[in-house]
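Q: Take a look and give me a structure for this.
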Amino acid sequence: MHDLKSKKQKKAKTNRRKQEKQPRDWKKLFHRLLRISIASGSGFLLASGALLTAQMLLESGYFGVQQVRVENRMRVSEGDIMEASDIETGDSLFDLKLHMIGRKIEENPWIARADVERSFPDKVVIRVVEREVRAVIDLGYLYYVDKAGEVFKMLETGDQLNYPVITGIDRQYLLDNPDQTQDSLNLALQLMDELNDRTLFNLEDVSEIHYDQHEGLILHTRIGGVPVLMGKQGFNAKLNRLEAIYDDLEPRLLALKYIDLNVTDRVIVKLDVKRKVSRG
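A: Down below sits the predicted model:
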């Protein structure tokens, strides 16, 4: 039998290479450590210096608010916006909670949006978007409606009333059905947009826009309060048909019971017998 173990041990001894120990270059190693130490120390000193400088600037009031600029306001006074922001001279720019300041300013019913920004080193910029009134809605009390169809403010003494009045939606319905109410108001605003560019029959000829869940929109003419049935769609074509005969209709509005534009390609005019008799 061959002693394989002994042969492997002998072979391993004969094939092993002698490794000569190299002397360490202590000088080179020292220089490397010295460079690392200097770089680390420099970085630490720079960071410490930056933090110290920042702390000194903060404590000195360098970033304290010295000016607040309000942009894009028209109806709301700068004083009211400043009071709502609660920003005072000397407040640190870094301590201001911009989002909360903006939300506070938006509590004013005329402010649709308020964006607040820092302007270093010592200014704050407030950009507001004010609401544009498009109509008045009767919810038991009169409220303004903006161009986005949002009911935003109850009318007070001195507020203007020279806007189209939307009726047919009560306050409880608005609270119980906010999405349907929004759709109804958007439909009324769509009709108002169609009337804006008209020449023969436009918003100035309308005293009221009534919403009915089944019939849709019903205009009431400023002269005589005659109902004009508009439905829920196709407003452009319907107004075209009305304008085509409006010159003849306008002198006789006081004798009309209603005008129906919901029949395709026709204008149905119903006479009011009682009105006709009373004029005779």
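
Q: Show me the shaky parts of this structure.
A: Within the chain, the stretches with pLDDT under 70 are 1-61, 275-280.

Q: let's go with 80 and repeat that
A: 1-62, 273-280 (pLDDT under 80).

Q: Which strands or helices does the helix or strand residue 229 falls within pack on?
A: Assigned by DSSP states H and E, residue 229 falls within strand 227-231. Other elements packing on strand 227-231 under the criterion 3 or more CB pairs under 8 Å, 6 or more residues apart in numbering; DSSP states H and E are strand 216-221, helix 235-249, strand 256-260. All C-beta atoms are positioned from the backbone trio N, CA, C, and that covers glycine.

Q: Would you mind writing the CA trace of the second one as CSV?
A: Listed next in CSV are the C-alpha coordinates belonging to helix 235-249 (Å, rounded to 0.1, in the frame of the first residue of the first chain):
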residue,chain,number,x,y,z
PHE,A,235,-77.4,76.1,-24.9
ASN,A,236,-75.6,77.6,-27.9
ALA,A,237,-78.1,76.3,-30.4
LYS,A,238,-81.1,77.2,-28.3
LEU,A,239,-79.9,80.7,-27.8
ASN,A,240,-79.3,81.0,-31.5
ARG,A,241,-82.9,80.1,-32.2
LEU,A,242,-84.1,82.6,-29.5
GLU,A,243,-82.0,85.5,-30.9
ALA,A,244,-83.3,84.8,-34.4
ILE,A,245,-86.8,85.9,-33.3
TYR,A,246,-86.0,88.0,-30.2
ASP,A,247,-86.5,91.4,-32.0
ASP,A,248,-90.1,90.4,-32.6
LEU,A,249,-90.5,88.9,-29.1
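
Q: Tell me where the stretch 1-150 of the chain has helices.
A: Secondary structure of the stretch 1-150 of the chain by DSSP state H, counting those that start in this stretch: the helices cover 4-15, 26-60, 78-85, 98-105.

Q: angle of the helix or strand containing residue 195 against strand 216-221?
A: Assigned by DSSP H and E, residue 195 falls within helix 178-196. Angle, helix 178-196 to strand 216-221, by axes from the mean of the first three to the mean of the last three CA atoms, to 10 degrees: 40 degrees.

Q: list the helices and strands helix 178-196 packs on?
A: Helix 178-196 packs on strand 133-138, helix 171-176, strand 206-212, strand 216-221, helix 235-249, going by 3+ CB pairs under 8 Å, 6+ apart.
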